[in-house]
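Colleague: what shape does this take:
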Amino acid sequence: MTIPISSLLIPNLNVPGNAWPIIPNQNSARMLSILFQLEQSQWLSADDFEQVQRRQIGALVHHAYMTSPFYRKRLDEAGLSPDRIRTPEDWRKIPLLTRDVWQMAGPELYSTNPPPQHRKTSQLFTSGSTGKPVMVITNALTQLFWNAFTVRDHLWHRRNFSGKLAAIRFVSGNACDPPHGKMGQNWGPATADVVKTGPSATLHIKAGIDQQVPWLLEQNAEYLITYPSNVYALARFAEDRGIRFPTLKEIRTFGEILEPHVREIVHRVLGLKIVDMYSSQEVGYIALQCPEHEHYHVQSENVLLEVINEKGEPCQPGEIGRVVVTALHNFATPIIRYQIGDYAEVGSPCPCGRGLQVLNRIVGRQRNMLVLPNGELRWPSIEVDSALQGEQEIPPIQQFQVIQRSLEEIEAVLVTPRELTEAEKKLLIDWFEASFGWRFDVKFTYVDHIPSSPTGKFEDFRSDIAAQYMASRFSSR
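Modeller: Next up is the predicted model:
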């Protein structure tokens, strides 16, 4: 049973005195129109989905060919033109876009003439879990779709919009710093134009677990959104001290791999279910957890997702391969056949009846917890490129990895065209201190290349001591 869009309570009215049916304002109507289409499209067959996706892909590729020097050259070299890409085999002739290629392409990758109807553009910088920063230009259209899929997730999982939402996550600036965080009147911009919600509270992830627990107890929230590794640490802390969160109904996770043992401990210790999502800053929502199962539905209205083997061929159900995504609505930064760096296992059609593509699980993306010398556990926010924006002398970092070697030392492994100056080193050391809440001894190591992990995934942070420390600290009583 699905929740019909007509059940939404829309706070913005255009007709004075009208109580029901509610007439939305322009912003609400735009969002509801998208949600109405998403409510229908999720039940399309795989063949029908391919047809509607093909229309959007055709428009995207044509736009990229005409306005991006990078893609025009890329398609010409592959012997392709937009009107000649008719079959899946033709599509797979387009070379994969990697971060290395993205970095080398520079300004030529971006559209020289994004549609003005997509409205004002903005820039974001992301290094993801690869440690290789790239810039993405987004616009109001991409944000609109981000908001729409956020609301879809709420509707799928039948959340009580009047409840309170708590978030423990990375936030730019210091407004959400511990111990108090920041309070909000609603759940944020995704729902603001569509439905009246309860309040929200946000705490920066740099807060230690010892700070997060009392903060979360004070909020009396029904929903919590945070990172899987942080949920695990919270659950182990709660188990060790016999703490419960009586008002919580559900925990949402994002940003890392959600391992089965995290679901298990949260259910066993807290009596709660976890709803996970798979997204990236570059392309937005990729997959959301099915409302009836623990696997994921690809948000095929937002992305074209491929899972390919080492030969570049599509993986079959049960097989694990590289994730390749195409962002269907970003005409400012065309992202076509982007090898995002993750691996996923293809699933079979879902018993729920939705025609959306299924992923059984995503492999990789897990970060370890940072262990401070005073015993606190923290989630490491490693966004060096974003943190250094605005600095006059930005270190020329092409790739980085931070490794915690001991309680007192971290190692910054860098790929740079030259060694950093003392001023640049101090800039990074100061940023590590501000991010981690501790002034570690920092060792700088320069290499030509930072290899991926044995699972095929690069980790921008790794702790050599976290697993052993957590096992000893959170031993069952």
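Colleague: which helix runs longest in this protein?
Modeller: For the chain, the helix with the greatest residue count under DSSP state H is helix 46-67.
Colleague: give the buried residues for it.
Modeller: Phe49, Gln53, Ile57, Leu60, Val61, His63, Ala64, Tyr65, Thr67 (16 or more other C-beta atoms under 10 Å). Where you see a C-beta, it was placed from the backbone N, CA and C, and this is true even at glycine.
Colleague: after it, which helix or strand is next?
Modeller: Next helix or strand after helix 46-67 toward the C-terminus (DSSP states H and E): helix 69-77.
Colleague: surely Met277 forms part of a helix?
Modeller: No: with DSSP: H, G, I helix; E, B strand; the rest coil as the criterion, Met277 is strand rather than part of a helix.
Colleague: might you report the residue contacts of it?
Modeller: Asp153, Arg252, Thr253, Phe254, Tyr285, Ala287, Leu288, Gln289 (C-beta atoms under 8 Å, 6 or more residues apart in numbering).
Colleague: and with 7 Å instead?
Modeller: Contact analysis of Met277 by C-beta atoms under 7 Å, 6 or more residues apart in numbering lists Asp153, Arg252, Phe254, Tyr285, Leu288, Gln289.
Colleague: show me what the helix or strand containing Ala233 is packed against.
Modeller: Assigned by DSSP H and E, Ala233 belongs to helix 228-241. For helix 228-241, the packing partners by 3 or more C-beta pairs under 7 Å, 6 or more residues apart in numbering; DSSP states H and E come out as helix 209-219, strand 250-253, helix 260-265.
Colleague: buried residues, the longest one. List them.
Modeller: The neighbour-count check on helix 209-219 (16+ other C-beta under 10 Å) flags Ile209, Gln211, Gln212, Val213, Trp215, Leu216, Gln219 as buried.
Colleague: from Ser435, how far off is the residue nearest to the third one when sequence neighbours are not counted?
Modeller: The shortest distance from Gln212 to any non-neighbouring residue, by C-beta to C-beta, 6 or more residues apart in numbering, is to Ile168 (5.8 Å). Here the distance between Ile168 and Ser435 works out to 15 Å (C-beta to C-beta, to the nearest Å).
Colleague: between those two, who's got more neighbours?
Modeller: Ile168 (28 against 21; other C-beta atoms under 10 Å).
Colleague: pretty sure that one contacts Asn230?
Modeller: Yes: the pair Ile168 / Asn230 is scored as a contact, 6.2 Å apart, by C-beta atoms under 7 Å.
Colleague: where does this structure have low pLDDT?
Modeller: Low-confidence segments of the chain (pLDDT under 70): 1-14, 127-131, 364-368, 379, 381-394, 452-459, 467, 470-477.
Colleague: quick one: the helices in it?
Modeller: Under DSSP H, the chain gives helices at 26-41, 46-67, 69-77, 88-91, 99-105, 140-156, 189-192, 209-219, 228-241, 260-265, 384-387, 422-436, 466-473.
Colleague: buried stuff in stretch 179-199?
Modeller: Here stretch 179-199 shows 181-182, 184, 186-187, 190-195, 197-199 as buried, counting by 16+ other C-beta under 10 Å.
Colleague: who touches it?
Modeller: Here stretch 179-199 has contacts from 8-12, 27-28, 31-32, 147, 150-151, 161-165, 175-176, 200-203, 211, 215, using C-beta under 7 Å, 6+ apart.
Colleague: dump the residue contacts of the closest residue to Ile265 other than its chain neighbours.
Modeller: Excluding the flanking residues, the one nearest Ile265 by C-beta to C-beta, 6+ apart is Ala235, at 4.7 Å. Applying C-beta under 7 Å, 6+ apart to Ala235 gives the contacts Ile265, Val266, Val269, Leu270.
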